[in-house]
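# Got a predicted structure plus its sequence, pasted below:
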Amino acid sequence: MKTAVNTATAPTLALAMADFKEITKARLAISVVFSSLAGYLLGAYQIDVVSLLLLAFGGYCMVGASNAYNQIIEKDLDALMKRTQNRPIPSGRMSVNKALFIAVLLTVLGIVSLYILNPKTAMFGAISIFLYTSCYTPLKTKTPLAVFVGAFPGAIPFMLGWVAATNEFGIEPGTLFMIQFFWQFPHFWALGWMLDDDYKRGGFKMLPTGKKDKGTALQIIMYTIWMLVISVVPVFGVTGRLQLSVPAAIIIFLMGMVMLVFAFLLYEKRDNVTARKLMLASVSYITLMQVAYVVDKFI
């Protein structure tokens, strides 16, 4: 009897965990936590393990809450799209009330965890949730400018880590913010290009011109160039304690050039295969760029 109960409980628990990961978008949340930790390591005078754990936990909670609120608001639209119709709420595996409970709980836990670090970190975390759920989410079906609005909460994590480490906001976290801000446009527009048909089923307006045309590709190129320039600005010694050596700047510049090449290829070919390559290159870039910054600080 005990074995039968255990056997029945195991898959139920596994499904619950899978739905929790889906409602909080675990992979995205972990990547955001990675950005926050990189920012912390760049800003910290000395590394405190407890602070790192609080930042990681609080950061996951804040992103997870944002994603849960997003899926509650968009539950009917998610049901229309192939890539989202099997999410916990539209599939019927999770009720809206349960999802809302998770979202509110994560919000409280996230703000408290970040507040323990310092009030400024909690404030920026709360701002990111507000902008994501109250501005970006409703605008996605209204205007392509939603991507611009969404880039603000999306750019906070890298900066958040520095603020968590120093309790200060200045040129250094501002620069980290701008790097991740401009990165998001080629990343999300490449993703929007690939998923354009599906997004249209849900009524989302993600591409800047509304079409997979040269105008969209040209804007991707321009934002990639801005990202590339701002990523290496610290090498010139104008960003306070945020510094970059010449070898690290060259490495980051070359990585950015890979993205730029794919952006030009998209302008030329305008197909989903090239858009996917650009999207994957952007994911590699943001991770490796942050690693390069951190490694450069400590060697």
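Yes, it's here. These numbers come from a predicted model, not from an experiment. Numbers count the residues shown, from 1 in each chain.
# what is the mean pLDDT for the one helix or strand residue 278 maps to?
Using DSSP states H and E, residue 278 maps to helix 272-298. Average pLDDT, helix 272-298: 96.
# so how far is it from its chain's centroid?
13 Å (C-alpha atoms, centre = their mean, to the nearest Å).
# Helix, strand, or coil at residue 88?
Classification of residue 88 by DSSP: H, G, I helix; E, B strand; the rest coil places it in coil.
# re earlier: and the helix holding residue 278, what does it pack against?
helix 26-43, helix 171-194, helix 246-269 (3 or more C-beta pairs under 8 Å, 6 or more residues apart in numbering; DSSP states H and E). For every residue, glycine as well, the C-beta is placed using N, CA and C.
# For the closest residue to residue 288 other than its chain neighbours, which residues are in contact?
Taking C-beta to C-beta, 6 or more residues apart in numbering, and ignoring the residues beside it in sequence, residue 288 has residue 255 as its nearest neighbour in space, at 5.8 Å. Contacts for residue 255 (C-beta atoms under 8 Å, 6 or more residues apart in numbering) come out as 284, 285, 288, 289, 292.
# Please work out how many residues are found near the third one.
Residues within reach of residue 288, counting by other C-beta atoms under 10 Å, total 14.
# Report the spatially nearest residue to residue 156, omitting neighbours in sequence.
Counting by C-beta to C-beta, 6+ apart, residue 156 lies nearest to residue 128, which is 4.6 Å off, once chain neighbours are set aside.
# whoops, residue 62 was the one
In this structure, residue 62 finds its nearest non-sequential neighbour in residue 110, 4.0 Å apart by C-beta to C-beta, 6+ apart.
# Using the three-state scheme, assign that neighbour.
Quick answer, by three-state DSSP: residue 110 is helix.
# Is residue 251 in contact with residue 293, as I believe?
No - Residue 251 sits out of contact with residue 293 when judged by C-beta atoms under 8 Å, with a separation of 10.3 Å.
# Comparing those two, which residue is more hemmed in?
residue 293 (23 against 18).
# Need the phi and psi values for residue 24.
In terms of degrees, to the nearest 10, the main-chain angles of residue 24 are phi -100, psi 0.
# ok, now how distant is residue 40 from residue 164?
As judged by C-beta to C-beta, to the nearest Å, residue 40 and residue 164 stand 5 Å apart.
# shared neighbours of those two, anything?
Shared contacts of residue 40 and residue 164, counting by C-beta under 8 Å, 6+ apart, come down to 51, 55.
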